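Participant: Here is my input, please return the structure:
(one chain, ligands or ions: 2)
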Amino acid sequence: NKHDSERICGLLETLNYKESKNISDADLVIYYTCCVRKSADDKFYGQLSSTNFKNSAKFAVGGCLAQKESKKLLERFKQIDFVFGTQNLKDLPNLLANLNGNRYSKTDMQPEFNSDLPFKRESEHKAWVAINRGCDNHCTYCVVPQVRGKEVSRKHENIISEIKTLADENVIDITLLGQNVNSYGKDLYNKPSFSSLLEKVSKTSIERIRFTTSHPKDLSEDIILVIKECENVCEHIHLPFQAGSDVILKKMGRNYSKKHYLSLISMIRRHLPKASITTDIMVGFPGETETDFNETLDLVEKSQFDQAFTFIYSKREGTPAASLKNHIDYQTKLKRFEKLVKLQNKISLKQNKKLEGATVDILVEETSKKDNKLLTGRTKTGKLVHFKSSDSLIGKIVYIKILEAKPFFLIGDSVE
Ligand code: 5AD
Ligand code: SF4
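Facilitator: Ligands and ions are numbered 1, 2, ... in the order given. Model prediction:
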């Protein structure tokens, strides 16, 4: 969604729009929405009722929720001028030009990958690069295949040409993006593998190359070997496991077992002992018993993740899991969630403590949001580092000695 928003800003700039500092001054307001969990829907509805913008402002809603609920949104919220879906970014100029007091939605799925849209990056030195879009998996809890459509891969030459342009613009750090990057290429002529793409990308002059998200059923050793062999491919793998119980994994339609997941973790650690591994975990899937949940805790203990994004299962209408029996009550879900977070925070701290006393190279990203005397950057493994500096180092790679580890970040000092 962040990348799509950068595309929207880029497109609007070509139409001579300029970013407004305050929403109340804007002539055009666009909300770009998510609907993966109910909390995302609620956030949108909450913001909608609490934001004030000019009566004359045009107002559009795009993204996943717009894709799913286009008609309902137009009916319910009279202030919306138009709704556009996840694959209709390129239609924005037309939609804006043809408003004339009509209210409408455009949410048709496109067979082609629109790779030539302009974008306005949030960061000068970091960029997203989409390599595939949509998802052909059928995780039973997930609304993404409904709102993002079938998986479509972008051609090598388009990806490489965009990356070369980014390198010319002094971008240092790129993230290759897809719902499931490991299945990249299966819809293309000659079926190029993700590892062959990664190898090609590593031959460009970009200093830091990342990718997300990997799926445990498709992550293969050749990808890990590319990371091992190519200095500029970062040693960071985000590998969501969702649940530790084989019974739940089966009900989720994830197509791997706990044993297979753990074998992937061993394979990664064997080749890349210093890699950071992060994950997504969900608690409270319908029918999850205490025994199932304990399998999740066991997997967390055995995997020793650097960081985990933890979620409480959220019922999404239209997904197969929504109609399963035995939905878990909120208090039980919350109790499990808190127990999981506590365990993972302890492990995150332990993993970060391994870096105390070490010198790491970080790309400086910004002045800390909490303290303007602190600069913030990231290691190649994706860890956040804060350090004191009065110099303007943003966009530079600097060496930092780590003094103290916290569960979610590291504190360090510049090395002269
Ligand atoms: N409820 C809770 N979490 C979900 N995710 C996806 N769908 C749901 C849902 N219905 C989580 C998964 C996924 C992450 C992006 O969001 O963990 O990996
Ligand atoms: Fe959703 Fe599963 Fe596709 Fe991820 S792989 S986007 S969880 S359906």
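Participant: Number of residues surrounding S49?
Facilitator: In terms of burial, S49 registers 7 neighbours under the definition other CB atoms under 10 Å. The way it works is simple: take the backbone N, C-alpha and C, and place the C-beta from them, glycine included.
Participant: Check which helices and strands the helix or strand containing L96 is in contact with.
Facilitator: In the assignment (DSSP states H and E), L96 maps to helix 92-97. Packing contacts for helix 92-97, counted by 3 or more CB pairs under 8 Å, 6 or more residues apart in numbering; DSSP states H and E, involve helix 2-14, strand 82-84.
Participant: Specify the stretch among those that is closest to E229.
Facilitator: Taking CB to CB as the measure, the helices and strands packed on helix 92-97 were each checked against E229, and helix 2-14 came out nearest at 27.6 Å.
Participant: Briefly note if that closest one comes near ligand 1.
Facilitator: No. Residues of helix 2-14 contacting ligand 1 under CB under 6 Å from any ligand atom: none, with a closest distance of 13.4 Å.
Participant: hmm, who's touching that helix?
Facilitator: 19, 28, 30, 32, 62-63, 86, 89-90, 92-93, 117-122, 128, 130, 177 (CB atoms under 8 Å, 6 or more residues apart in numbering).
Participant: Could you export it as CSV, CA atoms only?
Facilitator: Taking C-alpha atoms only, helix 2-14 is exported to CSV below (Å, rounded to 0.1, in the frame of the first residue of the first chain):
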residue,chain,number,x,y,z
LYS,A,2,2.9,2.4,0.7
HIS,A,3,4.3,1.7,-2.7
ASP,A,4,0.9,2.1,-4.4
SER,A,5,0.6,5.4,-2.5
GLU,A,6,4.0,6.5,-3.9
ARG,A,7,2.6,5.6,-7.4
ILE,A,8,-0.5,7.7,-6.8
CYS,A,9,1.6,10.7,-5.6
GLY,A,10,3.8,10.3,-8.7
LEU,A,11,0.8,10.2,-11.0
LEU,A,12,-0.8,13.2,-9.4
GLU,A,13,2.4,15.2,-9.8
THR,A,14,2.3,14.5,-13.5
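Participant: on that earlier part again, looking at the helices and strands packed on helix 92-97, which is buried most?
Facilitator: Relative to the other members of the helices and strands packed on helix 92-97, strand 82-84 carries the highest mean neighbour count by mean count of other CB atoms under 10 Å, namely a mean of 26.
Participant: Bridge partners for the nearest residue to K354 once chain neighbours are set aside, pull those for me.
Facilitator: Taking CB to CB, 6 or more residues apart in numbering, and ignoring the residues beside it in sequence, K354 has A405 as its nearest neighbour in space, at 8.0 Å. Listed beta-bridge partners, A405: L410 (assigned using DSSP bridges).
Participant: Can you name the residue of the stretch 151-300 of the chain nearest to ligand 1?
Facilitator: In the stretch 151-300 of the chain, no residue comes nearer to ligand 1 than D280, which is 3.5 Å away by CB to the nearest ligand atom.
Participant: Can you say which helix or strand has that residue in it?
Facilitator: The secondary structure element spanning D280 is strand 276-283 (assigned by DSSP H and E).
Participant: what's the neighbour count on the closest residue to ligand 2 within the stretch 251-400 of the chain?
Facilitator: Relative to ligand 2, the nearest point of the stretch 251-400 of the chain is R254 (7.4 Å; CB to the nearest ligand atom). Residue crowding around R254 was assessed by other CB under 10 Å; the count is 23.
Participant: What residues does it make contact with?
Facilitator: By CB under 8 Å, 6+ apart, the residues touching R254 are C139, P216, K217, Q242, A243.
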